[in-house]
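*Asks:* model this:
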Amino acid sequence: MNPNQHFAFLDEGSKKEIRRASLKAVAIPGYQVPFASREMPIARGWGTGGLQLTLSLIGKEDVLKVIDQGSDESVNAVSIKKLVQSTTDVELTEQTEAATIIQSRHRIPEIPLTKEQILVLQVPMPEPLRHYEKKEQETKKLHAENEYSGVWLMLFEQIMKFGKTATQADHPVFVNDRYVMAPSPIPRFDNPKLHDSEALILLGAGREKKIYAVPPHTDVASLAFEDYPFTVEDFSGECCHLCGATDVFLDELIDEESGQTIFQCNDTSYCIARLNQQERKEVELADV
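*Replies:* The predicted model follows:
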């Protein structure tokens, strides 16, 4: 760590302003709090909102995990880890249960989070009403009036066209029976993890200059009609070809040797942990 730079890159005034916005977001679940997004040494759209949250919250005793679409080793995840560690000297980990702060792009880890952890989600578009209302002042008014008929109409049109809701990711959710919220582009599979979460979930959009939150044990429901209930991606009958997991989000791949379709855990650290556990059991059985 360079002794001439601020701890965690941002100056103390900036970190305080971001923490104040975060506290307001926690106090009003699902509400988008504007903040003065800073210029960061990564391009906007590559996680600057989540990074600013992480840098404003992290302390010397924290342990950081960063994932990008389930991977700890993607270019985005590695770059963010290098920046945070170079300005804080904090410990890095790939183990979900060992981390105190987890910054993620497009996924919520498979291992359930605890009350000692904070999940920071990177968000490209925080406004769930933007697809049919372009003006910011109008979307604010719609939120204030609890007027979400446009979102329901969007889902209805998808059902009329495809026979089901067709959102593959970022399916809108209702938070505390009050605000409709964009959960970031997580797959539908991860939406239920937002409900009654043990961990604090903070969402940051650097380009759009918004912070919002899902506090622990908050009621979060994915928008759906009674006769067309919300469903997640179906991996029935499939399992990870490496660790055998069946109850996780799987990536569909093509085996280079056989040309056959195979499935693999999207959460790479979860898959590795299962493989290590299986190896330990095999060693224990061999020793008996």
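*Asks:* any idea how far residue 237 lies from residue 86?
*Replies:* According to Cβ to Cβ, to the nearest Å, residue 237 and residue 86 sit 45 Å apart. For the C-beta atoms, the positions are set from N, CA and C on the backbone; glycine is no exception.
*Asks:* do the same with residue 142
*Replies:* 42 Å.
*Asks:* Which one's more surrounded, these two?
*Replies:* Per other Cβ atoms under 10 Å, whichever of residue 142 and residue 86 has more neighbours is residue 142, with 18 against 12.
*Asks:* The more buried one contacts residue 136, correct?
*Replies:* No. Contact criterion Cβ atoms under 8 Å: residue 142 and residue 136 do not qualify, at 10.8 Å.
*Asks:* Was I right to think residue 191 contacts residue 185?
*Replies:* No. Shown here, residue 191 and residue 185 do not form a contact pair, counting by Cβ under 8 Å, at 11.5 Å.
*Asks:* you'd agree residue 153 is in a strand?
*Replies:* No. According to DSSP: H, G, I helix; E, B strand; the rest coil, residue 153 belongs to no strand; its state is helix.
*Asks:* Please give me every residue in contact with the nearest residue to it once chain neighbours are set aside.
*Replies:* Distance criterion Cβ to Cβ, 6 or more residues apart in numbering; nearest residue to residue 153, sequence neighbours excluded, is residue 132 at 7.7 Å. For residue 132, the contacting residues are 150, 153, 154, by Cβ atoms under 8 Å, 6 or more residues apart in numbering.
*Asks:* Now the residues you listed in TSV, please, with extra columns for distance to residue 162.
*Replies:* Shown next, in TSV, are those (distance: Cβ to Cβ, whole Å):
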residue	distance to residue 162
150	19
153	15
154	12
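*Asks:* For PyMOL, write a command that selects the buried ones of these.
*Replies:* Of these, the buried ones can be selected in PyMOL as follows, counting by 16 or more other Cβ atoms under 10 Å:
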select buried, resi 154
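*Asks:* Of the contacts of residue 132, just say which sits nearest to residue 34.
*Replies:* The closest of the contacts of residue 132 to residue 34 turns out to be residue 150 (Cβ to Cβ; 21.6 Å).
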